[in-house]
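Engineer: dropping a prediction and its sequence here:
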Amino acid sequence: MKAPARSLAALLTGLTFSLAAETDILCTTLPVTALTNAVVQNVPGFKVTRMLSSTIGCPHDYALTPQDMRKLAKADVIVINGLGMEDFLNGAIPRVNRKALLLDSSKGAKGVLHSREHRTEACTDPSHNHHHTHGSAWNEHLFSAPGTAAEVVKRIAAELSRKYPADAAVFQQNAARYSAELLKLDQEYRAFGRSIPAGRRNIAVQHGIFDYIASITGLHVTEYLQSHTGSEPSAAQLRGMIALLKQQKVAVILAEKGYPSKVTDLISRETGIPVVVLSVYPTDRSADPAKFLSVFRDNLNLLKAFYGK
């Protein structure tokens, strides 16, 4: 009876070693997870997990939990959005994990926009791996438009290739394939933007997550209804917004699906400006790269429908 026991022990030891050998890539947010999955898909030995629940909108005020700390401690790679989105990580990683690769997916990205919805800090280089307080000088929502999302994919692939050269060829192939789809969509957005009449280019947005879409379509954001997801203006600010929007020739208010805002609805009623609701995440909140591409396609179709294109 002892021989089978030793065989079982050997099997368990081998299984433990196999699991331990798996590379754990921890991503902070759903978009970063989806874009990392696009790079790592079909590469054995890598496991991509997400720290924040998909139900969390703006993570600026997030507080780390003991479970989060355990995830950070065991990660081999930690992929962050960067540009100040993960202020909640400040100081946490060195305390629990000094060996992990900290991969700032926005570092070195082209096309980073200045933040216009909140201006509380100055910064001279968007490629720095630094962590602002909420109110970063740069708009952190690179994932919200296909062209800048392609920049994120490029960065993730480059850093993983440097860290794991044996798998670099597959990382680069995956990134090239996915980026090609993103850049094709980027060109479709730009072509659509060129068709919008000059008199219908002024828009208002729920918050700054739509700045990148506005940028590539040539739309001009005249007003932000929120400083970030979930925030609401004061009564005085609300009165000022309504007065301004009534004076401006604003064609549409862009709102984020999944985050209904009574303020957005109220402003729409008071001004008569229609609301178009765009998605940021797949409907099922999955980190499936293909579904993430579909979000961009669906948003473009919604904008085309509104503008009669």
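Structural biologist: Cool, the structure landed. Being a predicted model, the structure only gives us computed values, none of them experimental. Numbering: from 1, shown residues only.
Engineer: for the stretch 1-150 of the chain, which spans come out with low pLDDT?
Structural biologist: Across the stretch 1-150 of the chain, the ranges flagged by pLDDT under 70 are 1-20, 57, 117-136.
Engineer: would you map the helices across it?
Structural biologist: Ranges of helices within the stretch 1-150 of the chain are 2-21, 30-40, 66-74, 92-96, 146-163, based on DSSP state H, counting those that start in this stretch.
Engineer: again with the stretch 201-309 of the chain
Structural biologist: Going by DSSP H, counting those that start in this stretch, the stretch 201-309 of the chain shows helices at 211-217, 235-247, 262-271, 289-306.
Engineer: tell me what the shortest one is packed against?
Structural biologist: For helix 211-217, the packing partners by 3 or more CB pairs under 8 Å, 6 or more residues apart in numbering; DSSP states H and E come out as helix 146-163, helix 168-194, strand 202-205, strand 220-224, helix 289-306. Just so you know, the C-beta spots here come from the backbone N, C-alpha and C atoms, and that holds for glycine as well.
Engineer: can I get these in JSON lines with mean neighbour count and distance to L72?
Structural biologist: Formatted as JSON lines, the helices and strands packed on helix 211-217 follow (neighbours: other CB atoms under 10 Å; distance: least, CB to CB, whole Å):
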{"stretch": "helix 146-163", "mean neighbour count": "23", "distance to L72": "17"}
{"stretch": "helix 168-194", "mean neighbour count": "17", "distance to L72": "23"}
{"stretch": "strand 202-205", "mean neighbour count": "23", "distance to L72": "33"}
{"stretch": "strand 220-224", "mean neighbour count": "17", "distance to L72": "33"}
{"stretch": "helix 289-306", "mean neighbour count": "17", "distance to L72": "24"}
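Engineer: show me the domain layout of this protein.
Structural biologist: 17-186, 195-306 (automatic domain parsing).
Engineer: D87 versus Y62, what's the distance?
Structural biologist: Using CB to CB, to the nearest Å, one obtains 9 Å as the distance from Y62 to D87.
Engineer: before we move on, back to that, looking at the helices of the stretch 201-309 of the chain, which is closest to V170?
Structural biologist: helix 289-306 (14.6 Å; CB to CB).
Engineer: contact partners of that closest one?
Structural biologist: 31, 34-35, 37-38, 41, 145-146, 149, 178, 181-182, 185, 188-189, 192, 213, 217, 252, 274, 276-282, 284, 309 (CB atoms under 8 Å, 6 or more residues apart in numbering).
Engineer: over to stretch 186-204?
Structural biologist: Outside stretch 186-204, the residues that touch it by CB under 8 Å, 6+ apart are 145-147, 150, 213-214, 216-225, 245, 248-254, 267, 273, 296, 300, 303-304, 307, 309.
Engineer: quick one: closest of the helices and strands packed on helix 211-217 to L83.
Structural biologist: The nearest among those, by CB to CB, is helix 146-163 at 10.8 Å.
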